[in-house]
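Asks: Below is the structure, and that's it, no one-letter string:
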């Protein structure tokens, strides 16, 4: 298990002092510099601890004056964006019913707004393409295209181009996971991989457990295949509530569970290793396939690459974990190259891939394989991770500064999106429309659940190079939120 | 309606003379040169007429001696590869039952054999990639890739890149069909288009009418979506038996019908315009969607571009025809760019595209759009059509020469595949295996139907530049057929 980071330890100490009454509501707390000296912590650590407490509503910052214990501390000093606890799940019938899914129209509409020139892409699910090593990939693409005139589509029949399969397996090995290239099936993005994996393990009408909030591609797969979503409460720090999932499995037939254990979109958490292990164990006990979406795995902020659910799975033919991933978030989104490692469902997934799109185009597969062969991926990733870490802090800082009191923000451990809980009563759909009128896109909470649980939540993308324009956009969004509060 | 070609007219005259007893069994018929003088026909026309009659088993060639009326004329002087007539359908319960479909494993295995280096690709479904204008497409690809580093996946959200949509619409217009770019949805090959269209119009468990034999991608879509196939007899010259289809619709619930009216794979026919018109009319009367696979439309041998079912459909929101096509057979198969024109089902298909693979990669879309903009497509196609016409004649000639008596071959009017009926009792699967052992691939009849109707049929690809190697391979296949006959 990963050690608890220093800033979190420090935040917890401070929160405990506040709970115990050592620090009183309204009282000023030590300045960043002072606290840094007192506790022998770096300034950054203190800033992050204060921001964490601020996002939880425990303390608040007063411009020019510093940090203060919040006068009306939120009743629940829960982490930001907490959606529901396990007992609430068990008591709450709304969580126990599976739901038909139909969010794709809204998602498509949202994405299309980002297509428009000149919009500020805070609503984008994609990383800033300017960060991709496009020039090198382009060189390889051009070279391969020139030499590929005699190649045929047969090179690319499922499971995929052998060079790419080898390179993907090698990359997992570098990250500590032993993978046989023969276990991989190349797909058109992770989207297709998730679709094929879900179709391989469940039938129309079946119930599939998902995190809530969840990445909408998960809901799309369920929608497309005519299945039902059962939303399992998911902690913004620790991920899916395994107790709640166990309760669900014991009380109804759940055909599969879809999760994103590392840097989940939209929450950004990394599930602790013990929780991952327990989840896989639970799946094994109930013979329930686990579909793991690992697209953000490479974008960790800590030094260690996170473990995958596959790490705790039995290898090859035994495996109940269907791991899906892609290069769209970490290397290039223009090529739409993804893959599945479907464990015991490999044959079905390969066949479904063949039925669904026949083959994944060759040239992109070979260009990416060439890039991975030539090296430099890890260096590129280190750079991107550093940028995203900095920009996360900036985005959190400015949201907390510009948005009205009561706003809470997540604390992503990887990836590049922030989950923002607006003050209750603010209609995120209306906010989305008003932002759009000003040329700013945001992702409304509505698209992250089958049911309308997140009507006052939004997701913001912080992958774009920080600029005055983004800062101004955030200020505007904050103002719109305030307006909506005032008119509520 | 297209005029009946001269060689067919001449063949019919000759067949009539034989039927009437003017020419007796065993009697020598006029040499090609003599007949050409007598009837004022070109040598080619006479050769083609004789070959047609030979393929039907009406006459036979004796090496060094010329053509003779066959001693034991086949009882049924039907066109080659006739599968069943309408009355047989109506009486035959085997045709009236829909079937679960599971042919994809065999198809995938067959295609993989072609992947192996050095095999003679007679079993390939793809055109010879050496005929594609790869160099120019590569140039455009490289140029676009260089300039696209800042482009994002949003450019390619469904329905597809605007330039490509416009160029596809323009191409239809050149071929006489008015299409609004807004009616088109770009897909990963025609395979995805067919899948999405079928999912848009029918539910799991539904019955879908298909031609028999049919292109296996149609069966794959049915299999993948858990539907049932109802096989409708299909004439090797005129296409799907509309009477039989009507009978089927009237006696059971048929949710959709999937057809390939032009140069069907594997039969190669072009449905007469009147039959197309009747088919669309029938669909309209029964409010039954028609999924049209048009991938071979550009590969016609006659001068006129064939009409599409769309021609007889009501435009836009009214349309019951879901037309699918791609560039994989006519321009480049490496890019996997296809599209659907789903008529009234456009919104559903766009949404399903989004759910299925999110987006089709940009660069290939833009490279093909650029190729179409720059011109030269029609010139490229004229060349390919000429080559395929010549190679069809060569392939037919050598099959009839090398294969045992009783072999019948189709007479494709476009495309690049030949459908061969081996003498009854020859097991095409066993032939397939024995060929493979010699490094020759063929496509066994088994993969062209949900039921095992075509156990003594094979499909051969004649798109590859004619060579001694191909001739030798055909000779070997012929020998293997003879061995299988002898041992039967």
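Replies: Great, that's in hand. Please read these numbers as outputs of a predicted model, since none were measured by experiment.
Asks: Now stretch A:418-435: average pLDDT?
Replies: The predicted model assigns stretch A:418-435 a mean pLDDT of 94.
Asks: With stretch A:258-270 instead?
Replies: 97.
Asks: Buried residues of it, list them for me.
Replies: A:258-270 (16 or more other Cβ atoms under 10 Å in any protein chain shown). No exception for glycine: its C-beta is placed from N, CA and C like everyone else's.
Asks: In a markdown table: the residues you listed, plus secondary structure and distance to chain B.
Replies: Below are the buried residues of stretch A:258-270 laid out as a markdown table (DSSP: H, G, I helix; E, B strand; the rest coil; distance: Cβ to the nearest Cβ, whole Å):
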| residue | secondary structure | distance to chain B |
| --- | --- | --- |
| A:258 | strand | 14 |
| A:259 | strand | 19 |
| A:260 | coil | 16 |
| A:261 | coil | 22 |
| A:262 | strand | 21 |
| A:263 | coil | 19 |
| A:264 | coil | 18 |
| A:265 | coil | 14 |
| A:266 | coil | 17 |
| A:267 | coil | 21 |
| A:268 | coil | 21 |
| A:269 | coil | 24 |
| A:270 | strand | 25 |
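Asks: Residue A:35 and residue A:99: what is the separation?
Replies: Distance of residue A:35 to residue A:99, computed by Cβ to Cβ, to the nearest Å: 46 Å.
Asks: How about the residues of the stretch 201-350 of chain A by chain B?
Replies: Residues of the stretch 201-350 of chain A lying close to chain B (Cβ under 8 Å from any Cβ of the partner chain) are A:203-204, A:217, A:220-221, A:223-224, A:226, A:328, A:333-336, A:350.
Asks: Tell me which residues are up against stretch A:49-59.
Replies: Residues outside stretch A:49-59 that contact it (Cβ atoms under 8 Å, 6 or more residues apart in numbering or on different chains): A:7-8, A:10-11, A:14-15, A:18, A:29, A:32, A:41, A:60-61, A:67-70, A:73-74, A:77-80, A:393, A:396-397, A:400, A:406, A:408-411.
Asks: Show me what residue A:258 is bridged to.
Replies: Legend: beta-bridge partners of residue A:258 under DSSP bridges are residue A:210, residue A:291.
Asks: ok, it - contacts?
Replies: Applying Cβ under 8 Å, 6+ apart, we find residue A:258 in contact with A:194, A:198, A:208-211, A:214, A:218, A:221-222, A:290-291, A:293.
Asks: repeat that for 7 Å
Replies: In this structure, residue A:258 makes contact with A:208, A:210, A:218, A:291, A:293, judged by Cβ atoms under 7 Å, 6 or more residues apart in numbering or on different chains.
Asks: Spatially, and excluding backbone neighbours, which residue is closest to the third one.
Replies: Read that as residue A:218. Nearest non-adjacent residue to residue A:218, counting by Cβ to Cβ, 6 or more residues apart in numbering or on different chains: residue A:258, 4.7 Å away.
Asks: got it, and residue A:453?
Replies: If you skip the residues right next to it in sequence, residue A:453 has residue A:212 as its closest partner in space, 6.3 Å away by Cβ to Cβ, 6+ apart.
Asks: For that neighbour, the count of nearby residues, please.
Replies: By other Cβ atoms under 10 Å in any protein chain shown, 25 other residues sit near residue A:212.
Asks: so it makes contact with residue A:230?
Replies: No - Residue A:212 lies out of contact with residue A:230 (Cβ atoms under 7 Å); the separation is 9.3 Å.
Asks: quick revisit: show me which of residue A:35 and residue A:99 is the more surrounded one.
Replies: Neighbour comparison, residue A:35 and residue A:99: the larger count goes to residue A:35, with 20 against 16 (by other Cβ under 10 Å).
Asks: secondary structure element for that one?
Replies: Secondary structure here is read from DSSP states H and E; on that basis residue A:35 sits in helix A:32-39.
Asks: Please verify my assumption that residue A:32 contacts residue A:46.
Replies: Yes - the pair residue A:32 and residue A:46 qualifies as a contact (Cβ under 7 Å) at a distance of 4.8 Å.
Asks: out of the two, which sits in the more crowded spot?
Replies: Using other Cβ under 10 Å, the more surrounded residue of residue A:32 and residue A:46 is residue A:46, with 26 against 18.
Asks: Might you calculate how far the host helix or strand of that one sits from the centre of the chain?
Replies: Using DSSP H and E, residue A:46 maps to helix A:43-55. Its chain's C-alpha centre and that of helix A:43-55 lie 22 Å apart, by Cα atoms, centre = their mean, to the nearest Å.
Asks: Following the chain onward from it, which element is next?
Replies: Scanning the chain past helix A:43-55 towards its C-terminal end, the next helix or strand to appear is strand A:59-62 (assignment: DSSP H and E).
Asks: What pairs with that next one, parallel or antiparallel?
Replies: Within its sheet, and counting by DSSP bridges, strand A:59-62 is paired with strand A:66-69 (antiparallel).
Asks: Name the single longest helix found in chain A.
Replies: Under DSSP state H, the helix in chain A containing the largest number of residues is helix A:377-402.
Asks: Determine whether any part of stretch A:404-420 lies close to chain B.
Replies: No - judged by Cβ under 7 Å from any Cβ of the partner chain, stretch A:404-420 stays clear of chain B, getting no closer than 14.1 Å.
Asks: Show the contacting residues for residue A:448.
Replies: By Cβ under 7 Å, 6+ apart, residue A:448 lies in contact with A:213, A:214, A:216, A:266, A:454.
Asks: And it, how close does it get to residue A:162?
Replies: In this structure, residue A:448 and residue A:162 are 38 Å apart, going by Cβ to Cβ.
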